[in-house]
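**Q** Got a predicted structure here, sequence first:
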Amino acid sequence: MRQSESLFFELRGLRYHVRHWRGEPARRMFLLHGWMDVSASFQFLVDELAPDWDVYAPDWRGYGLTSWSGADSYWFPDYIADLDQLLDRIQSDAPVNLVGHSLGGNVAALYAGIRPERIARFVNLEGFGMPATRVEQAPKRYARWMEELRVEPRLRSYQSYAALADRFALKELKNGDLYYRVHAYDSAIIYYRSVVATYPDSKHVPAALLKLVETYRRIGYAEEAGETCEHLRRFFPTADGVARTCPAPAPAAG
């Protein structure tokens with residue numbers, strides 16, 4: 001595992017943490033993490049890169065070792081301004097190689113559009129942007145937001161590790177559904193398979209397998225769909241939807 005060092009910068013009134021994997025300055029990139037991630041989430045990616053890559057990955061405001069803003073909301077303009085000042089601190093003399101995942105991909109895409117002269121190369125990993133909305137939705141959305149501010153945030157407790165695993169599995173399943181809806185089938189498959197591989201005892205495994213069958217069929221992967229159906233019939237024969245989606249093959253004649 002490549003070792004990293006922690007750097008701290010005073011940016012816009014916050015103590016900003018940046019994880020740095022040392023390499024050649026000429027081979028420098030910046031990695032921007034997504035929602036519910038931190039800079040350390042990129043460790044597995046960095047370990048697969050050539051060792052001469054010089055990698056910087058910040059913790060966004062309110063994440064990881066970066067201080068909280070003190071506000072009860074976080075806005076994209078703040079992320080964009082934080083990134084702008086951070087890049088000025090680390091590499092002000094040349095355009096940068098910028099890689100963003102999910103939330104980080106959205107921030108990076110906005111920044112690249114605002115300051116294209118600061119970008120040498122840009123890679124967007126699953127940063128599909130915010131869901132489309134209409135102007136007439138604004139009053140209800142603002143009203144819902146203000147009602148949510150009345151509820152004091154608190155950590156949720158779980159009765160067992162199994163219940164916590166189910167919560168994470170459901171999150172992965174919903175992420176897969178999101179990518180399925182926008183026809184990003186490869187990404188959907190990754191999330192559905194993650195449910196099965198990472199949380200094999202979760203109650204959400206049959207649903208993830210059924211969604212895998214549906215996705216495989218959508219992209220013409222008949223063999224993979226058949227193997228997944230066989231797995232469902234063997235291990236989850238009574239689960240909702242299995243008989244309909246994966247009916248048993250007709251017996252051979254004779």
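**A** Perfect, I can see it now. Computed from a predicted structure; not experimentally measured.
**Q** In the chain, where is pLDDT below threshold?
**A** Where the chain drops to pLDDT under 70, the residues are 252-254.
**Q** Helices of that one, residue ranges please.
**A** For the chain, applying DSSP state H gives helices covering 43-48, 76-90, 103-114, 138-149, 161-181, 185-198, 205-218, 222-235, 242-245.
**Q** Hmm, Arg167 is touching Ser160, no?
**A** No. Counting by C-beta atoms under 8 Å, Ser160 is not a contact partner of Arg167; they are 11.0 Å apart. No exception for glycine: its C-beta is placed from N, CA and C like everyone else's.
**Q** Those two: which is more packed in?
**A** Per other C-beta atoms under 10 Å, whichever of Arg167 and Ser160 has more neighbours is Arg167, with 14 against 8.
**Q** okay, now the nearest residue to the more buried one once chain neighbours are set aside: neighbour count?
**A** Spatial nearest neighbour of Arg167, excluding adjacent residues (C-beta to C-beta, 6 or more residues apart in numbering): Tyr158 at 6.9 Å. Here the count is done by other C-beta under 10 Å, and Tyr158 has 11 residues near it.
**Q** on that earlier part again, can you add distance to His33 and give the helices of the chain back as TSV?
**A** TSV is the format used below for the helices of the chain (distance: least, C-beta to C-beta, whole Å):
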stretch	distance to His33
helix 43-48	10
helix 76-90	11
helix 103-114	5
helix 138-149	24
helix 161-181	15
helix 185-198	17
helix 205-218	24
helix 222-235	31
helix 242-245	36
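**Q** Which one, of those helices, ends up nearest to Phe8?
**A** Phe8 sits nearest to helix 76-90 of all the helices of the chain, at 10.9 Å, using C-beta to C-beta.
**Q** Let me know the angle separating the closest one from helix 103-114.
**A** 80 degrees (axes from the mean of the first three to the mean of the last three C-alpha atoms, to 10 degrees).
**Q** ok so, going back, nearest to Met130, of the helices of the chain?
**A** Here helix 103-114 is closest among the helices of the chain (C-beta to C-beta), at 7.2 Å.
**Q** Check which helices and strands the closest one sits against.
**A** Here helix 103-114 touches strand 24-32, helix 76-90, strand 96-101, strand 119-125, going by 3 or more C-beta pairs under 8 Å, 6 or more residues apart in numbering; DSSP states H and E.
**Q** which residues sit against that helix?
**A** Contacts with helix 103-114, where a contact means C-beta atoms under 8 Å, 6 or more residues apart in numbering, come from 31-35, 60, 76, 79-80, 83-84, 98-100, 118-119, 122, 124-130.
**Q** circling back: of all the helices of the chain, which lies closest to Ser67?
**A** Closest approach to Ser67 among the helices of the chain (C-beta to C-beta): helix 76-90, 11.6 Å.
**Q** Filter the contacts of helix 103-114 down to the buried ones.
**A** Neighbour counting with 16 or more other C-beta atoms under 10 Å marks 31-34, 60, 79-80, 83, 98-100, 118-119, 122, 124-127 as buried within these.
**Q** My guess is Tyr74 contacts Arg61. True?
**A** Yes. Using C-beta under 8 Å, Tyr74 makes contact with Arg61 at a distance of 6.5 Å.
**Q** These two - which one has more neighbours?
**A** More crowded of Tyr74 and Arg61, by other C-beta under 10 Å: Arg61, with 22 against 15.
**Q** Ramachandran coordinates for the more buried one?
**A** When read as degrees, to the nearest 10, the backbone of Arg61 gives phi -50, psi 130.
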